[in-house]
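*Asks:* Need a 3D model of the following:
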Amino acid sequence: MAGPRGLLITALVALIAGFCGVWLGLRMFDPPERPGLHAVVHERLDLRPEQKRKIDELESAFATRKQALELEMRAANADLANAIRAEHGYGPQVTRAVERFHGAMGRLQSETIQHVFAMRATLDPDQQRVFDDTVVSALTDDRT
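*Replies:* Numbering: from 1, shown residues only. Purely as a prediction, here's the structure:
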């Protein structure tokens, strides 16, 4: 009959084997993440100083606008929560809150696309090819 020490060793071996199995499964079946657009722009495109300066300016302005739109979406969600509490159904208050959220989300998407094109305009043709491939890959990645 196995004593407490034998059971402890068996449990420890099983735990280690389980962790190894999970690690191996992740390595074999979950492909590595592709680098994001920010990483590609700043780490792979070998930007000239004037390109870096312009992209930094674009990113700073976009970050401010993005934050404002994200705050608008959070406020719309708060409106939606209050409307659901008040109406208990898909009434006019819920409809207005959903439309407010969708409006902010749509503006954020449009401004993001405009930002991407503004960054692209700062690049030379070789850099644009890498940039375009990264954008297309991100938009068509079926892992998201």
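
*Asks:* make it CA atoms for all contacts and neighbour counts henceforth
*Replies:* Noted.

*Asks:* what's in contact with whichever strand or helix holds residue 129?
*Replies:* Taking DSSP states H and E as the criterion, the element that holds residue 129 is helix 125-140. Applying CA atoms under 8 Å, 6 or more residues apart in numbering, the contact partners of helix 125-140 are 36-37, 40-41, 45, 120.

*Asks:* for the helix or strand encompassing residue 63, packing partners?
*Replies:* Element membership of residue 63 [criterion: DSSP H and E] is helix 49-87. Packing partners of helix 49-87 (3 or more CA pairs under 8 Å, 6 or more residues apart in numbering; DSSP states H and E): helix 92-121.

*Asks:* picking up where we left off before, what are the buried residues along the helix holding residue 129?
*Replies:* 127-128, 131, 134-135, 138 (16 or more other CA atoms under 10 Å).

*Asks:* got those residues as CSV, with pLDDT and distance to residue 76 columns?
*Replies:* CSV is the format used below for the buried residues of helix 125-140 (pLDDT from 0 to 100; distance: CA to CA, whole Å):
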residue, pLDDT, distance to residue 76
127, 92, 39
128, 92, 37
131, 87, 34
134, 85, 32
135, 85, 29
138, 80, 28
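
*Asks:* Which of those sits closest to residue 7?
*Replies:* residue 138 (48.7 Å; CA to CA).
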